[in-house]
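Asks: I would like to see how this sequence folds:
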Amino acid sequence: MFYTAGHVGIWRHFLVRSNGSRRPNTRIVTTLCIPTAIALAFQFANAQTELSAGTRLSIRLRNSISSKHSQPGDPVSATLIAPVRINGRELIPSGFIVQGAVADPSPAHKRLNRSVLRLTFGSLIGKANQSVAFQGKVLSVDNARESVDSEGVIHGLRPLRRRPTEIEEILMLAASAHPAILASLEVGRLIIAEKEKPHVTYEPGVELWLMLTSPLRIKTMPPPETIRKPALLRSSSALTALVNGLPLRTSTPRGTPSDLINLVFFGSHQAIVNAFLHAGWMPAETLDLKTEAITFLAVADQHSYREGPVSSLLVNRQKPTLVFEKETNTFAKRHHIRIWRQQQEYDGLPVWIGAGTHDTGIDFSRKAKTFSHSVDDDIDEERLKIENDLIFTGDVAAAGLIHRPEAPTSFENATGDQLRTDGAIAAIRLASLP
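Replies: Numbering: from 1, shown residues only. Okay, here's the model as predicted:
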């Protein structure tokens, strides 16, 4: 992954990632002399770019689409929000406009007892409307309740049942307040009477993964519409000492070790809040009786709760100062991060540590008599997701990965999910506020 020093257009540093691995290597290569850097930059800009079929693109919608109102041929516009890297080399930077259209599903899809939506994307558009054609399909919709089949067609839910009546809501509130009652209730008995099949509707900001269905060869890559290139956060003995002194794990109120600390931020409270809000993340509400009840209803009725609470995890017996999350339309799947303020400062800036994970499903634990999320086992992907999201806002001044020899590379969280990591921590310096 290449970084520039400011935006002077000279490649001064680069980060080497392990070949064939999605998880990054944290070795920082020494600074190149300027003539060599210029030569490398020129070679990179003019070398042919080739992406194989199966390469994934992370995009964010810029307009609304719906299985109810959108018609075949209606334009769909999105933005490439994360760089495409192969074997550690950035081949396509973020910031391109991704143009597509609503397509007509097959007759077989239309006969299904659920709504379907088919999208096609075929061009990357950079500055001055320079475009690159590609062939791809929708692989998945991030944190959505809908599924995507092998042809890239998005399938809505089967016909939902009616929302609970007032009395039934009271029963569920009581169940939420008393987990023993919750364990004895069956959601299917509380929700009756079918409605029409739910439509597939996505607003601007919803994120999708695309997959190339054929190789993409680009002789000359145009510059993207939006350029986000923070500087490489320079390694130093002070930074290494700071990182090695930070806590490694969170814990439950009972002291059970849980999530890994995988991000560190340098900046003011407001700078962190602004960056996450600009990236589309929402502050999480506090866990209490009211939010537990709303959570239960969200799970029962299969809908979103974008400010939903997270479970209590502590660092040095302290609750997180900030909690942010990102959902689409289901509480069962979400990106989220807990952030704690530390006593130290670095380069005159407050230090914050964060534990980010990706919830991929939700289960009811009969042992604990409560709901709990299952977590994506590759937490480095979530670390990279958070880093890319914040960088794309333009609110990041510098970023880099720092190796931690003492960090575990395989461990269990408090709910028993087996997680894996390279042990590095992403260090992010927020840009100064105006």
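Asks: use CA for all of it now, contacts and neighbours both
Replies: Fine.
Asks: which residues touch the longest helix along the chain?
Replies: Scanning the chain for the longest helix, with DSSP state H as the assignment, gives helix 379-393. For helix 379-393, the external contacting residues (CA atoms under 8 Å, 6 or more residues apart in numbering) are 22-23, 81-82, 94-95, 228-230, 262-263, 275-276, 278-279, 335, 356-358, 396, 419-422, 426, 428.
Asks: Ser58 - nearest residue in space that isn't next to it in sequence?
Replies: Distance criterion CA to CA, 6 or more residues apart in numbering; nearest residue to Ser58, sequence neighbours excluded, is Trp209 at 4.8 Å.
Asks: before we move on, back to that, can I get the longest helix of the chain in PDB, CA atoms only?
Replies: Coordinates of the C-alpha atoms in helix 379-393 are reproduced here as PDB (Å, rounded to 0.1, in the frame of the first residue of the first chain):
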ATOM      1  CA  ILE A 379     -10.500  -9.100  12.900                       C
ATOM      2  CA  ASP A 380      -7.800  -7.600  10.700                       C
ATOM      3  CA  GLU A 381     -10.400  -7.100   8.000                       C
ATOM      4  CA  GLU A 382     -12.400  -5.000  10.400                       C
ATOM      5  CA  ARG A 383      -9.300  -3.000  11.300                       C
ATOM      6  CA  LEU A 384      -8.700  -2.300   7.600                       C
ATOM      7  CA  LYS A 385     -12.400  -1.400   7.100                       C
ATOM      8  CA  ILE A 386     -12.300   1.200   9.900                       C
ATOM      9  CA  GLU A 387      -9.000   2.600   8.600                       C
ATOM     10  CA  ASN A 388     -10.300   2.800   5.000                       C
ATOM     11  CA  ASP A 389     -13.600   4.400   6.100                       C
ATOM     12  CA  LEU A 390     -11.800   7.200   8.000                       C
ATOM     13  CA  ILE A 391      -9.200   7.800   5.400                       C
ATOM     14  CA  PHE A 392     -11.900   8.300   2.800                       C
ATOM     15  CA  THR A 393     -13.500  11.100   4.800                       C
END
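Asks: what's downstream of it, the next helix or strand?
Replies: For helix 379-393, the following helix or strand on the C-terminal side (DSSP states H and E) is strand 396-402.
Asks: could you give the angle of that following strand to helix 379-393?
Replies: Inter-element angle recorded for strand 396-402 and helix 379-393: 160 degrees (by axes from the mean of the first three to the mean of the last three CA atoms, to 10 degrees).
Asks: List the contacts of whichever helix or strand comes after strand 396-402.
Replies: Next helix or strand after strand 396-402 toward the C-terminus (DSSP H and E): strand 410-412. Strand 410-412 has contacts (CA under 8 Å, 6+ apart) with 258, 418-421.
Asks: go with 10 Å
Replies: The contact list for strand 410-412 (CA atoms under 10 Å, 6 or more residues apart in numbering) reads 257-260, 377-378, 417-423.
Asks: Show only the entries of those residues found in strands.
Replies: 257-260, 418-420 (DSSP state E).
Asks: Only the buried subset of these, as a ChimeraX command please.
Replies: In ChimeraX, this line selects whichever of the ones in strands among the contacts of strand 410-412 come out buried by 16 or more other CA atoms under 10 Å:
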select :257,258,259,260,419,420
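Asks: Quick one: mean pLDDT over the longest helix of the chain.
Replies: Computed over helix 379-393, the mean pLDDT rounds to 97.
Asks: Break the protein down into its structural domains.
Replies: The chain resolves into domains spanning 2-156+200-218, 161-194, 231-430 when parsed by automatic domain parsing.
Asks: Confidence-wise, which of these is weakest overall?
Replies: When the domains of the chain are compared on mean pLDDT, domain 161-194 scores lowest, with a mean of 49.
Asks: can you pull the contacts of Ile337?
Replies: 261-263, 281, 283-284, 310, 320, 322-326, 353-358, 382-383, 386.
Asks: Among the residues you listed, name the buried ones.
Replies: Using 16+ other CA under 10 Å, the buried ones in these are 261-263, 281, 283-284, 310, 320, 322-326, 353-358, 382-383, 386.
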